[in-house]
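Asker: missing the sequence, but the structure's below:
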């Protein structure tokens, strides 16, 4: 038998599900906040907390949208299960603070759509599928993917390798670098399967400060984006 709290959660969820009243949704999220904060605390030392909390709330809303009371699980249990996927978003959301403020909403929107389609389809969504879900043009989706792909490649410590096209672009860029820059770039992104170094290891190996390393990463990103768009 459901506890009083579980029944209250269910009653509020039904009101929200039937009316889509944002106040009811906010009420649910407040009740679920201890679960959200518990999951955020697991990753808060590695990722800017505001970005992580925003992603966790998006996951909670997705869980509430997909909740089916006929399956027997309590709302809190269902949401907690969904929140465990927060770990998959750690790398991309490490970098939300570096994205221009006017682009952050689009970045979040894209990530949510991509994750939802990937889960529903059981595979990486295609550009037309993303365009249809987002209401964007295919060209905009492609440009967006590539633009943020360059950023994630450099800032996510080697976690980002997507397509043969990406690989070829990186090869082209890598071989145009000076020898020392090749070594630094290779150690940052894990070039050709090498183990990438973390920031502490990079600063020690190349006698860099955090500011110098951040500047170098930013330069790599900017240069990659210029190469991608055909600029020298």
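Answerer: Perfect, I can see it now. Keep in mind it's a predicted model, so treat the numbers as computed, not measured.
Asker: next one: whichever strand or helix holds residue 212 to chain centre, how far?
Answerer: Using DSSP states H and E, residue 212 sits in helix 210-228. Distance, stretch centre to chain centre, for helix 210-228: 20 Å (Cα atoms, centre = their mean, to the nearest Å).
Asker: what's the answer for stretch 206-218, then?
Answerer: For stretch 206-218, the distance to the chain centre is 23 Å (Cα atoms, centre = their mean).
Asker: Buried residues of that stretch, list them for me.
Answerer: 208, 213, 216-217 (16 or more other Cβ atoms under 10 Å). (Each C-beta comes from the backbone N, C-alpha and C, glycine too.)
Asker: Looking at those residues, which is nearest residue 72?
Answerer: Within the buried residues of stretch 206-218, proximity to residue 72 (Cβ to Cβ) peaks at residue 217, which comes in at 47.9 Å.
Asker: low pLDDT regions in the chain?
Answerer: Residue ranges of the chain with pLDDT under 70: 1-2, 44-48, 87-108, 111, 146-169, 192-194, 225-232.
Asker: Map the structural domains onto the sequence of it.
Answerer: Annotated domains of the chain cover 1-94, 160-228 [automatic domain parsing].
Asker: For those domains, please prepare JSON lines with the additional fields distance to residue 125.
Answerer: Formatted as JSON lines, the domains of the chain follow (distance: least, Cβ to Cβ, whole Å):
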{"stretch": "domain 1-94", "distance to residue 125": "15"}
{"stretch": "domain 160-228", "distance to residue 125": "13"}
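Asker: re earlier: dump the buried residues of stretch 206-218 into JSON lines; add distance to residue 60 as well.
Answerer: Formatted as JSON lines, the buried residues of stretch 206-218 follow (distance: Cβ to Cβ, whole Å):
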{"residue": "208", "distance to residue 60": "39"}
{"residue": "213", "distance to residue 60": "35"}
{"residue": "216", "distance to residue 60": "37"}
{"residue": "217", "distance to residue 60": "32"}
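Asker: Tell me the one of the residues you listed nearest residue 122?
Answerer: Closest approach to residue 122 among the buried residues of stretch 206-218 (Cβ to Cβ): residue 217, at 33.8 Å.
Asker: Report all helices and strands that the helix holding residue 212 contacts.
Answerer: Identification of packing neighbours for helix 210-228 by 3 or more Cβ pairs under 8 Å, 6 or more residues apart in numbering; DSSP states H and E yields helix 138-155, helix 164-174, helix 179-189, helix 199-206.
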